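In: Need coordinates for the following:
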Amino acid sequence: MKPFYPLFNAFFHLFHAALITFVMVGWIFPATRLAHLALVLLTLGSWFVLGIWMGMGYCPITEWHWKIKDALGEGRPGMSYIQFVLQKLLHRSLNAMTIDRGVVVATVLLAVASVAVNARHLLVR
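Out: Here you go, the predicted model:
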């Protein structure tokens with residue numbers, strides 16, 4: 001399986017990017033609103049419910065991705081995926097607490113938007 005690890009690493013980058021993008025914009029489109037609501041609730045559940053046992057902000061996808069990076073000899077980044085990507089893109093160290101707070105606030109706001117548009121749709125019916 002080790003020869004496939006670079007492919008798995010690329011897959012997880014793409015998968016993460018797709019999920020993050022969907023969490024940011026999925027509530028906008030009527031056809032994806034219920035899926036968005038489900039994903040954002042699963043995300044918050046992972047961070048705060050699984051987080052009770054695994055550490056706040058826990059993401060199983062990040063966990064699997066970090067295992068692949070470790071197997072590739074890159075080590076396990078000791079940060080969230082979003083912090084990891086931002087540091088790679090900006091080529092500088094960033095404050096983890098600031099990023100985590102910003103991500104949580106943004107995700108909660110997106111969850112509120114998702115609940116609002118889904119509730120409006122149900123009430124208008």
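
In: quick check: longest helix of the chain.
Out: In the chain, ranked by residue count with DSSP state H as the criterion, the top helix is helix 96-124.

In: Find the centremost residue of this structure, please.
Out: Centroid check for the chain by CA atoms, centre = their mean gives Ile20 as the closest residue, at 5.3 Å.

In: can you pull the pLDDT of the residue lying closest to that one once chain neighbours are set aside?
Out: Leaving aside its chain neighbours, Ile20 sits nearest to Ile82 (7.2 Å; criterion: CB to CB, 6 or more residues apart in numbering). For every residue, glycine as well, the C-beta is placed using N, CA and C. pLDDT, Ile82: 96.

In: And Met1, by the same measure?
Out: Note on Met1: pLDDT of 78.

In: Now for it, how many residues are close by?
Out: 6 (other CB atoms under 10 Å).
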